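Chemist: Sequence plus the predicted model coming up.
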Amino acid sequence: IRTQAKVYYDSDDRAVRMLGTVLDITEFKRLQQQKDDFISVASHELKTPMTSLKASIQILDKLIKTNGDTGKVAQFIDKANISLNKMQHLIESLLNVSKINAGQLALNKTRFKAGEMIAEGCEHITLSGNHDLIINGDTGLEIYADRSKIEQVIINLVNNAVKYAPESHRIIIDVTCRAKTVKISVQDFGEGIAYDKIPHLFERYYRVDSTGLQYSGLGLGLYISAEIVERHGGKIGVNSQAGKGSIFWFTLPVTE
Ligand code: ADP
């Protein structure tokens, strides 16, 4: 509680009146704390790929100067690229959140084939040796939407499946169309999500507690995905069962 007051005196110097404000700053402090926590998590998330990128570039520099083995050069260029992709993805997420907050997430709609957009999105994903990515269904279907933003949704959902279901051998992307609505789903066979956590998944900054520090992330991917889908007039959701895996899905109107 913060108080501020002004006391008024009469001609005999007796206090006759006090005017003031009592401000409850608990909520203000909580929001401030949330911001500080977020900045600390975000900087940490950016620092990790940055450190790895710096190390790769230093090694590359040495290898090139000493005419080192070209196989190693290629290997470190791959590593540097993975770090750059991670940083680019994080920065794009942060920019997207500012745009959403400012009500400036503009859509640039074009017509494209679902399968082509999905395949292009999947090129940005680093799969671990464990995962097989399967694309099923009506991939030739034409959609009218903001291609790069929908691609971003696919990348977020598939990246999550890779990250949170490391033991799932298959990740299945499926495209179906019913009543002029396309439904795209991403299924994994990992640990799934507890029933009571599901209502919070699409909230800003939300991460399931048990996720802990084991996996990196800002808790923004699903929030941004939901905004993008809803701005298109679609819906997003998840069917998940603890221990059995998850199906994240979203719908879009096919035409406009
Ligand atoms: P981030 O991955 O940065 O934490 P997201 O918004 O993409 O943020 O995801 C929010 C949370 O939802 C994750 O932290 C994780 O706990 C949970 N989650 C998302 N996708 C999956 C999945 N396929 N399997 C299990 N948990 C998931």
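Modeler: Structure's in. What do you need?

Chemist: which parts of the stretch 101-250 of the chain sit against the ligand?
Modeler: 156, 160-161, 164-165, 188, 190, 193, 201, 206-208, 211, 217-223, 246 (Cβ under 6 Å from any ligand atom). Quick note: C-beta positions are derived from backbone N, CA and C, even for glycine.

Chemist: Sitting in strands, which of the residues you listed do you find?
Modeler: Of those, the ones assigned to strands by DSSP state E are Asp188, Ser246.

Chemist: Select only the buried ones of the residues of the stretch 101-250 of the chain next to the ligand in ChimeraX?
Modeler: Isolation of the buried members of those (16 or more other Cβ atoms under 10 Å) is achieved in ChimeraX through the command below:
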select :156,160,161,164,165,188,190,193,201,207,208,211,217,218,219,220,221,222,223,246
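
Chemist: which stretches of the stretch 101-250 of the chain form helices?
Modeler: 114-122, 147-164, 221-231 (DSSP state H, counting those that start in this stretch).

Chemist: Next one: Cys177, what pLDDT does it get?
Modeler: Here, the pLDDT recorded for Cys177 equals 95.

Chemist: Enumerate every residue touching it.
Modeler: Applying Cβ atoms under 8 Å, 6 or more residues apart in numbering to Cys177 gives the contacts Asp138, Leu141, Lys183, Val254.

Chemist: Closest one to the ligand out of these, please.
Modeler: Lys183 (17.2 Å; Cβ to the nearest ligand atom).

Chemist: Tell me which residues touch the closest one, please.
Modeler: Val175, Thr176, Cys177, Trp249, Phe250, Thr251.

Chemist: Can you tell me how far Val158 is from Leu90?
Modeler: Taking Cβ to Cβ, to the nearest Å as the measure, Val158 falls 17 Å from Leu90.

Chemist: and what of Thr21?
Modeler: On the measure of Cβ to Cβ, Thr21 and Leu90 end up 41 Å apart.

Chemist: So which of the two has more stuff around it?
Modeler: Leu90 (19 against 9; other Cβ atoms under 10 Å).

Chemist: For the residue in the stretch 1-150 of the chain that the ligand sits nearest to, give me the pLDDT.
Modeler: The stretch 1-150 of the chain approaches the ligand most closely through Ser93 (8.1 Å), counting by Cβ to the nearest ligand atom. Listed pLDDT for Ser93 reads 87.

Chemist: I figured it hits Gly221, correct?
Modeler: Yes. Shown here, Ser93 and Gly221 form a contact pair, counting by Cβ atoms under 8 Å, at 6.9 Å.

Chemist: if I've got this straight, Ser11 is in a strand?
Modeler: No. Counting by DSSP: H, G, I helix; E, B strand; the rest coil, Ser11 is not found in a strand; it is coil.

Chemist: If you count neighbours, what's buried in stretch 147-158?
Modeler: Arg147, Lys149, Ile150, Glu151, Gln152, Val153, Ile154, Ile155, Asn156, Leu157, Val158.

Chemist: Nearest residue to the fourth one in space, please, no chain neighbours.
Modeler: Across the structure, with Cβ to Cβ, 6 or more residues apart in numbering as the measure, the residue nearest Glu151 apart from its sequence neighbours is Gly121 (4.2 Å).

Chemist: who touches the one you found in this structure?
Modeler: Contacts of Gly121 by Cβ under 8 Å, 6+ apart are Glu151, Gln152, Ile154, Ile155, Val158.
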